[in-house]
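> Fold the following and give me the result.
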Amino acid sequence: MVAWAMKHKAELSHFELCGTGHTAELVAQATGLPVKPFLPGPMGGDLEIGAMIAQRQIQMVFFFWDPLSAQPHDPDVKALMRIAAVYNIPFATNTSTADLLIRD
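Here you go, the predicted model:
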């Protein structure tokens with residue numbers, strides 16, 4: 001996520017960014033962009049973002065994950081993906097999809 005955010009810093013600067021716990025901190029440090037931090041994912045951060053989607057405050061989601069590793073908060077991740085689908089929010093889970101979404 002950090003490497004991708006650094007590569008797309010200019011494009012991302014046009015958005016209000018948010019993220020869960022440590023990821024928000026790392027992206028903010030690496031890019032110098034303001035990133036609103038939420039709780040860590042396993043502590044409810046994914047659900048906080050889901051609530052913002054339901055309130056129409058999120059335009060798109062970039063959530064990179066390793067499909068070969070179990071997620072400790074898998075039910076929360078699935079809930080986030082589900083609410084994004086319900087509200088028709090673009091949801092990138094890898095850099096190829098994220099690259100397509102971030103294009104002008």
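
> Any buried residues in the one helix or strand in the chain whose mean pLDDT sits lowest, and which?
Least confident helix or strand of the chain, by mean pLDDT, DSSP states H and E, is helix 74-86 with a mean of 93. Within helix 74-86, the residues scored as buried using 16 or more other CB atoms under 10 Å are 76-77, 80-81, 83-84. Any C-beta I mention is one placed from the backbone N, CA and C, and that applies to glycine too.

> who does that helix touch, helix- and strand-wise?
Applying 3 or more CB pairs under 8 Å, 6 or more residues apart in numbering; DSSP states H and E, one finds that helix 74-86 contacts helix 45-54, strand 91-92.

> If I take it and helix 45-54, what angle do their directions form?
Here helix 74-86 runs at an angle of 10 degrees relative to helix 45-54 (axes from the mean of the first three to the mean of the last three CA atoms, to 10 degrees).

> And helix 74-86, how far out from the chain middle?
Relative to the centre of its chain, helix 74-86 is centred 12 Å away, using CA atoms, centre = their mean, to the nearest Å.

> What are the contacting residues of it?
Defining contact as CB atoms under 8 Å, 6 or more residues apart in numbering, one finds that helix 74-86 is touched by 41-42, 44, 46-47, 49-50, 53-54, 61, 63, 65, 71, 89-91.

> Where neighbours are concerned, which of these has the most?
Highest neighbour count within the contacts of helix 74-86: D46, with 26 neighbours (other CB atoms under 10 Å).

> Quick one: residues contacting that one.
D46 sits next to 20, 73, 76-77, 79-80 when contact means CB under 8 Å, 6+ apart.

> I53 versus the spatially most central residue of the chain, what's the distance?
Note on the chain: the residue nearest the mean C-alpha position is F62, at 3.8 Å, using CA atoms, centre = their mean. Look at F62 and I53: by CB to CB, to the nearest Å, they are 13 Å apart.
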